[in-house]
Each structure stands twice: as C-alpha cells, then as structure tokens.
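dropping the sequence and predicted coords here.
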Amino acid sequence: KRKTKLTDADASQLSLKMSGSWRESSMLSINGSMEYAKVNNRNSYQQSSREDVGGGKDIGFLSGITLLANNITGPGLIIIPLIFQQSGYVTPIVCMLVIAFVSSLSAIMLCSAMEKVPGNERFVGRVEFARVAKEFFPSWLYYTSIVLFIISLVALFIVSVVVSATTMDLAALSVFGKSYALEFYPKFGFTSITSVPVGQNPFGDIFALSMGYMITLVVTIPIGFFNLDDNMWVQNGSFIILIGIFGAWIVSCCVVGLDSSRLIPFKRNQYDVLGNVIFNYAFVITVPSWCNERRDDVPIKKSIWYSVMSSTVFYIVIGLLGAAAFEFKAGQDLIEVLVRQTKGPLNVVAQVCVYLFPVVGFMSTIPVLSIIIKYNLVDSGICRKWSATFWAVLFPWMISVIFCHGSIMKTAINWVSISINGIINFTIPMLLYIISRRKKPNSERDSFIKLPGESSEEEEDQILQNDYHVTDYHFKVLPKSKFVRPTCIAITSIVIVSILCVVTIVLNLIPHESIISIT
C-alpha cells in the first residue's frame, strides 16, 4: 500500500484476490495429492492381488527346455506324418522352419517387452502376458488381446483333452475289449464300443462322457491347482518318456521299411499345412509364465532357441520317417497306424506307446495351460484367485465335451489355428515389442499429475523413439548391429505371417473341387 500508493479499498480487493489465488493453488495441490493417492491405492491393490499367485524362481535351464519343448511337441506331433504324406514334404518342412524362426523371435521379443514394464527391470518382478498388453496397448486392443489369448489357450487345452481321451479309450479297448461312455445326445444312457472304424473317434459323433475323458479329467485337474514350478517334476518325467516314445517310433518305422515312393515333394492338398504348423508352434504366449519362474542364471534366448530347434527336429524326423514307412488314410494319426499296421514285437511296442503318449500329453500340457490362464487372470486384475481357478481349471473341461467329435474338432481347431493362433502368438508379441520401444507404459503415464510446463506425451514418445542404443536397456533381442534392426525384422515377420494366414483362409474358403478343376 505504501509503495504503490493504493487506497484502502484497492488494497482490500487485492488482498482478497491473492488469498483466492492461494486457496485455488492449495485446492489444486490437495486434489493432485488425492489423485496421486488414488493411483497409488489402485496400484497397491493390483500389486497385492498379483503377489497372491505364482511360484518362486526355481526353474533351471534343463527344466525350462523340457517345459517349453513339451508345450511345442504336444498332441500335434502324431498328425505330422499324415500332413507330410497328404501335402508333400517340402511345404511342411519350409513352413516349420519359417514358423520356428518367427516363433522364437516372437517369444524373445515378448520377453523384451516384459522387461520394459515398470518394476520388472532385469526380470526381478512378475509380469504375465496380459499385463504386458495392458501396459502398452490402448484399452480396445488390450481387451481384444485378452479374448484372443484365452481362446487360443482354451483351443489348445481342448485338443490336448480330446487327443488324450481318445487314446485312453483306444487303450481301454485294447486291454479290456470294450470302452464305455455316458451318452447325452441323440440318446441318453450308457453305451459301449468293441471296435473303432478307421480314421474316426471311438464313439463317433455322439455327445458323451467317455471313460478316457473321465480318466484324463481325474488325473489332471488336481495338478492344475498347483504353481508352475511345482509341476517341473511332471515336465521332466514327461519329456524323458517322450524321448523314449520318439526313439520307439523311429525304430518301428525303420523295421517296417521305408518306401521313398510315398515321399513326394509337392501335392495339391495344402489346406491343413499352415494351420497345423502354426498350432504346433503356438507356445509363445506361455513363455512369460516360464520366464517369471526361471532362475536368474538361466539364459532366456538360449533356452528358447534350444527348445524350438529340438522340437523342430522331432517334427521333421517323425514326419519323414512316418510318411515313408506307413500308408495313411484320411483322419489317421501315427498312433493308430502303428497299432493297425504292425505285428509281433513291434505291435507290442506300439501298444505301449498308445498307453504312454496320452500320459505324456495330458500330464505335461493340460495342467500347464490351466496354470497359465490362472496366472494371467490374476496378474492382470481381471479375477481374484478363487474365481480365476474356476475359469482356468474347471470351465475348459465343461466345454471340451462339445468338441469330442472328429469332424467338429478338426474343423474348429483348423480355423482357430489360422485365424487366432497366428495373431496372438506372432503378431501381438511383436507389436508389443515395437510399441514398448516407442512409448512409456500406461501405468507410468497414469501415475503422476501433469503440471504446466512439463513435457507432453508426444514429446515423451519422441524422446523414446530412438532408445535402441540406450544403456539402461538390459535384454537385447539381437546383438547390436547397424544392418539388422529387430524392429524391422518384427515388421517384416508380421507382414509375412499375415499374408500366409490370409492366403490359407482364402484357400480353405474355396471348395477343394473348384481349386482342383482350376489347376
């Protein structure tokens, strides 16, 4: 008042304005603190729910390889010789090599995106696939990814259940001369079979709960309630049995005799090749769960490459030898052919493989899929642990009954493999890698109140666009090079896989007779 020579009225008015500005700034500070507290409370709630699921970091190098290899060489292994004989051996081998490389790169890129999630530097935390998508995708793409993720794992779950139940029914038929089932449609009541037509399911197209289905259910459901690291003794034992079965199949093929005339480079029937190959390599979305529970000294990239290469060798060797040794009819798999077309000691070996392979299949694959679904539902905050256990362990068994039919299952799985598995296992992980290199995680953007003068999100994105060479990025997909950029490889792989999937969908939509007449 003295310096500016204000009147008493002007001084009072200025004082009121200053006090109002102070109150506004105080309210802004209080509101900001409340908003910050809300974000912290939300993050604390999500963190507490995430800590309630999952095992410790106890999985070693060899155990990790067996886990990943079991996920790759699952029930799809027994139909590879049929594909080699129906489509020729060149196309399946080329598709396997391409998809093996793409799937390995996709899995490594997904691990790279995992490390960019706040609190998971050097993989010290626990981050599942669903939370990686939640951190880097917009809401609509995140929910789309979750739906595709669950459909993909449930489809693999159903295939494992159907193959295991079918082979258990065949085993019961071989031992007891009969197999039983509770039929729901078209008639209700108990039914039995004494023989199985070539290339068909034991109970045909009826809706029923078979003896093999119930045995598989009773054995595997308890294992699904444990953590992943608690299942490693199952994985190691199953892998040893799988190696023994693999060796028995090779010996059987060689003893029967290899006919090179059955191995033709190319054939017209190429419809099921890509769908089956993609389905067999649909393991990428299971990698984060393994990565979270591996020991800190286990190399991620080496484990993935070793697992994929060994599984690819399994596929190619079994495909070539099985197609050269036996004559396959439509719908037949390697186990059925071995039982029907071998005699003497070889038939005994084949019978033993019939009993052991479903054990390897449902003991190593089905519980792991339930565990991974449960992990993701809890880690992303979608479900509590008890409800996630129901949806992951029990619900897939309820819908598996519908698909226990040969024609329905084959058609459904082929379309799921073509339309979903390629996207969720190859396209989305690579998109997550690309986006994680160019933007901050969503939780970091929501965890603070932006004040005037701070950089905008666009400016932050621009800062992070060239972070390929930053020193705080620990896990690199490929060695540093001026000529090979992981992002460029990811974009190229996405384009190639998308084109192959579109071409395969078009070929499957066109009637086979029309294509044959055109050619």
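All right, it came through fine.

remind me which residues of this protein are low pLDDT?
Across the chain, the ranges flagged by pLDDT under 70 are 1-53, 75, 196-201, 204-205, 361-362, 403-418, 443-475, 479-482, 507-508, 510-519.

got the buried residues for stretch 284-295?
Across stretch 284-295, burial judged by 16 or more other CB atoms under 10 Å covers 284-294. All C-beta spots, glycine's among them, are computed from the backbone N, C-alpha and C.

distance to residue 145 and secondary structure added to the residues you listed, as a markdown table?
Output for the buried residues of stretch 284-295, formatted as a markdown table (distance: CB to CB, whole Å; DSSP: H, G, I helix; E, B strand; the rest coil):
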| residue | distance to residue 145 | secondary structure |
| --- | --- | --- |
| 284 | 13 | helix |
| 285 | 10 | helix |
| 286 | 15 | helix |
| 287 | 15 | helix |
| 288 | 13 | helix |
| 289 | 16 | helix |
| 290 | 19 | helix |
| 291 | 18 | helix |
| 292 | 18 | helix |
| 293 | 22 | helix |
| 294 | 23 | strand |
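
endpoints of stretch 182-189, how far apart?
For stretch 182-189, the separation between the terminal residues is 6 Å (CA to CA, to the nearest Å).

same deal with stretch 108-127?
Stretch 108-127 end-to-end distance (CA to CA) = 15 Å.

flag every buried residue along it.
Buried, per 16+ other CB under 10 Å, within stretch 108-127: 108-117, 120, 123, 125-127.

what strands flank the lengthiest strand in the chain, and is each parallel or antiparallel?
Longest strand in the chain, counting residues (DSSP state E): strand 179-185. Strand 179-185 has these partner strands in its sheet, going by DSSP bridges: strand 189-193 (antiparallel), strand 207-210 (antiparallel).

need the winner for burial among those.
Per-stretch averages of neighbours, counted by mean count of other CB atoms under 10 Å, single out strand 207-210 among those, with a mean of 20.

contacts for that strand?
165, 169, 179-185, 191, 202-203, 401-402, 404-405 (CB atoms under 8 Å, 6 or more residues apart in numbering).

go with 7 Å
For strand 207-210, contacts defined as CB atoms under 7 Å, 6 or more residues apart in numbering pick out 165, 169, 179, 181-185, 191, 202-203, 401.

what of stretch 360-367?
70-71, 74-75, 157, 160-161, 163-164, 216, 219-220, 223-224, 231, 234-235, 238, 241-242, 245.

and the residues you listed, which of them are in helices?
70-71, 157, 160-161, 163-164, 216, 219-220, 223-224, 234-235, 238, 241-242, 245 (DSSP state H).

what about the helices in the stretch 251-400 of the chain?
273-280, 287-293, 300-325, 334-341, 345-364, 366-379, 385-389, 395-400 (DSSP state H, counting those that start in this stretch).

now the longest one: buried residues?
Looking back up the chat, that one is helix 300-325. Applying 16+ other CB under 10 Å to helix 300-325 flags 300-301, 303-308, 310-312, 314-316, 318-325 as buried.

could I get the contacts of strand 207-210 in JSON lines, plus columns for distance to residue 369?
As requested, these are exported to JSON lines (distance: CB to CB, whole Å):
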{"residue": "165", "distance to residue 369": "15"}
{"residue": "169", "distance to residue 369": "21"}
{"residue": "179", "distance to residue 369": "25"}
{"residue": "181", "distance to residue 369": "24"}
{"residue": "182", "distance to residue 369": "25"}
{"residue": "183", "distance to residue 369": "27"}
{"residue": "184", "distance to residue 369": "25"}
{"residue": "185", "distance to residue 369": "27"}
{"residue": "191", "distance to residue 369": "29"}
{"residue": "202", "distance to residue 369": "24"}
{"residue": "203", "distance to residue 369": "24"}
{"residue": "401", "distance to residue 369": "17"}
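
now the residues you listed: which count as buried?
165, 169, 179, 181, 183, 202-203, 401.

may I ask which two of those are separated the most?
Using CB to CB, the buried ones among the contacts of strand 207-210 span at most 16.1 Å, a distance reached by 179 and 401.

what residues does stretch 133-146 touch?
Contacts for stretch 133-146 (CB under 7 Å, 6+ apart): 113, 117, 130, 380, 428, 432, 435-436, 439, 441-443.

same thing with stretch 322-334?
Contacts of stretch 322-334 (CB under 7 Å, 6+ apart): 78-79, 81-82, 84-85, 89, 198-200, 249, 253, 256-260, 262-263, 337, 341, 406.

mark which of the residues you listed are buried, thanks.
Buried subset of these (neighbour count, 16+ other CB under 10 Å): 78-79, 81-82, 84-85, 89, 200, 249, 253, 256, 262-263, 337, 341, 406.

re earlier: can I get the strands paired with strand 179-185 in JSON lines with distance to residue 146?
Below are the strands paired with strand 179-185 laid out as JSON lines (distance: least, CB to CB, whole Å):
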{"stretch": "strand 189-193", "distance to residue 146": "39"}
{"stretch": "strand 207-210", "distance to residue 146": "30"}
